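Enquirer: Fold the following and give me the result.
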Amino acid sequence: MTIKLVAVTACISGVAHTYMAAERLEKLCALEKWPVKVETQGALGIENALTAEDLAQADVVLLISDILLAESERFKHHRSVHIGINTFLRTPEKALGAVRKAAASPQETHIRVV
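Expert: Below you'll find the predicted structure:
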(Lines give C-alpha, C1' and ligand atoms only; values in the text may rest on other atoms or scores of the structure.)
Protein backbone atom coordinates (compact mmCIF):
# COMPACT_ATOMS: atom_id res chain seq x y z
CA MET A 1 0.00 0.00 0.00
CA THR A 2 1.47 3.33 -1.06
CA ILE A 3 0.98 6.08 1.49
CA LYS A 4 1.43 9.73 0.56
CA LEU A 5 3.17 11.21 3.56
CA VAL A 6 3.98 14.73 4.64
CA ALA A 7 6.01 15.39 7.75
CA VAL A 8 7.38 18.07 10.02
CA THR A 9 10.57 17.64 12.03
CA ALA A 10 11.62 19.93 14.87
CA CYS A 11 13.88 19.61 17.90
CA ILE A 12 14.56 21.82 20.89
CA SER A 13 17.77 23.34 19.55
CA GLY A 14 16.54 23.35 15.96
CA VAL A 15 19.78 22.04 14.55
CA ALA A 16 21.12 18.48 14.31
CA HIS A 17 18.17 16.28 15.29
CA THR A 18 15.72 18.21 13.10
CA TYR A 19 17.74 17.46 9.99
CA MET A 20 18.81 13.95 11.08
CA ALA A 21 15.16 12.97 11.46
CA ALA A 22 14.23 14.47 8.09
CA GLU A 23 17.03 12.60 6.34
CA ARG A 24 16.20 9.33 8.12
CA LEU A 25 12.53 9.64 7.19
CA GLU A 26 13.32 10.33 3.53
CA LYS A 27 15.48 7.19 3.38
CA LEU A 28 12.80 5.06 5.08
CA CYS A 29 10.10 6.33 2.73
CA ALA A 30 12.33 5.56 -0.26
CA LEU A 31 12.58 1.96 0.98
CA GLU A 32 8.78 1.80 1.43
CA LYS A 33 8.25 3.53 -1.96
CA TRP A 34 6.14 6.19 -0.25
CA PRO A 35 6.24 9.74 -1.61
CA VAL A 36 7.16 12.18 1.17
CA LYS A 37 7.67 15.89 1.66
CA VAL A 38 9.38 17.00 4.88
CA GLU A 39 9.09 20.46 6.39
CA THR A 40 11.80 21.32 8.90
CA GLN A 41 11.34 23.81 11.70
CA GLY A 42 14.81 24.59 12.93
CA ALA A 43 17.23 27.35 13.76
CA LEU A 44 16.71 28.79 10.27
CA GLY A 45 12.92 28.90 10.71
CA ILE A 46 10.50 26.91 8.54
CA GLU A 47 12.15 25.34 5.52
CA ASN A 48 10.44 23.41 2.71
CA ALA A 49 7.06 24.52 4.08
CA LEU A 50 4.07 22.27 3.52
CA THR A 51 1.44 23.93 1.36
CA ALA A 52 -2.33 23.55 1.62
CA GLU A 53 -2.12 21.43 -1.53
CA ASP A 54 0.55 19.16 0.05
CA LEU A 55 -1.74 18.62 3.03
CA ALA A 56 -4.81 18.01 0.87
CA GLN A 57 -3.01 15.30 -1.12
CA ALA A 58 -1.44 13.57 1.90
CA ASP A 59 -2.81 10.39 3.43
CA VAL A 60 -1.06 11.04 6.75
CA VAL A 61 0.83 13.86 8.47
CA LEU A 62 3.80 12.67 10.54
CA LEU A 63 4.88 15.12 13.24
CA ILE A 64 8.35 14.31 14.57
CA SER A 65 8.90 16.81 17.35
CA ASP A 66 9.54 17.42 21.02
CA ILE A 67 8.43 21.06 20.83
CA LEU A 68 5.29 22.97 19.94
CA LEU A 69 5.23 23.28 16.16
CA ALA A 70 4.66 26.58 14.41
CA GLU A 71 1.29 26.71 12.63
CA SER A 72 0.24 23.34 14.11
CA GLU A 73 -3.45 24.18 13.56
CA ARG A 74 -2.87 23.21 9.89
CA PHE A 75 -2.90 19.54 10.89
CA LYS A 76 -6.08 19.46 12.99
CA HIS A 77 -8.35 18.04 10.26
CA HIS A 78 -5.88 15.50 8.89
CA ARG A 79 -4.87 12.01 9.97
CA SER A 80 -1.72 12.50 11.98
CA VAL A 81 0.92 10.65 13.94
CA HIS A 82 2.99 12.50 16.56
CA ILE A 83 6.25 11.01 17.80
CA GLY A 84 9.12 12.50 19.77
CA ILE A 85 12.27 13.09 17.76
CA ASN A 86 14.48 10.89 19.95
CA THR A 87 11.93 8.06 19.88
CA PHE A 88 11.78 8.33 16.09
CA LEU A 89 15.56 8.26 15.73
CA ARG A 90 15.87 5.22 18.04
CA THR A 91 12.84 3.23 16.82
CA PRO A 92 11.58 4.54 13.47
CA GLU A 93 9.59 1.34 12.91
CA LYS A 94 7.15 2.55 15.61
CA ALA A 95 6.43 5.63 13.52
CA LEU A 96 5.98 3.66 10.30
CA GLY A 97 3.59 1.23 12.01
CA ALA A 98 1.54 4.12 13.36
CA VAL A 99 1.49 5.76 9.91
CA ARG A 100 0.09 2.55 8.40
CA LYS A 101 -2.56 2.41 11.13
CA ALA A 102 -3.49 6.08 10.65
CA ALA A 103 -3.76 5.67 6.88
CA ALA A 104 -6.45 3.04 7.42
CA SER A 105 -8.30 5.20 9.98
CA PRO A 106 -10.98 7.87 9.57
CA GLN A 107 -9.96 11.46 8.75
CA GLU A 108 -9.00 13.51 11.84
CA THR A 109 -7.52 10.45 13.57
CA HIS A 110 -4.58 11.53 15.75
CA ILE A 111 -2.14 8.92 17.04
CA ARG A 112 0.56 9.68 19.62
CA VAL A 113 3.51 7.28 19.73
CA VAL A 114 5.48 7.09 22.97
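Enquirer: can we go C-alpha only for contacts and neighbour counts from here?
Expert: Fine.
Enquirer: Helices along this protein, start to end?
Expert: Assigned by DSSP state H, the chain shows helices spanning 16-32, 52-57, 85-90, 92-103.
Enquirer: okay if I get those helices as JSON lines plus mean neighbour count?
Expert: Formatted as JSON lines, the helices of the chain follow (neighbours: other C-alpha atoms under 10 Å):
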{"stretch": "helix 16-32", "mean neighbour count": "17"}
{"stretch": "helix 52-57", "mean neighbour count": "12"}
{"stretch": "helix 85-90", "mean neighbour count": "17"}
{"stretch": "helix 92-103", "mean neighbour count": "18"}
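Enquirer: The ones you listed: which one's closest to E73?
Expert: With C-alpha to C-alpha as the criterion, E73 lies closest to helix 52-57 of these, at 12.0 Å.
Enquirer: Mind checking the pLDDT average for the closest one?
Expert: Taken as a whole, helix 52-57 has a mean pLDDT of 98.
Enquirer: Format the helices of the chain as CSV; extra columns: distance to E73.
Expert: Shown next, in CSV, are the helices of the chain (distance: least, C-alpha to C-alpha, whole Å):
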stretch, distance to E73
helix 16-32, 20
helix 52-57, 12
helix 85-90, 20
helix 92-103, 18
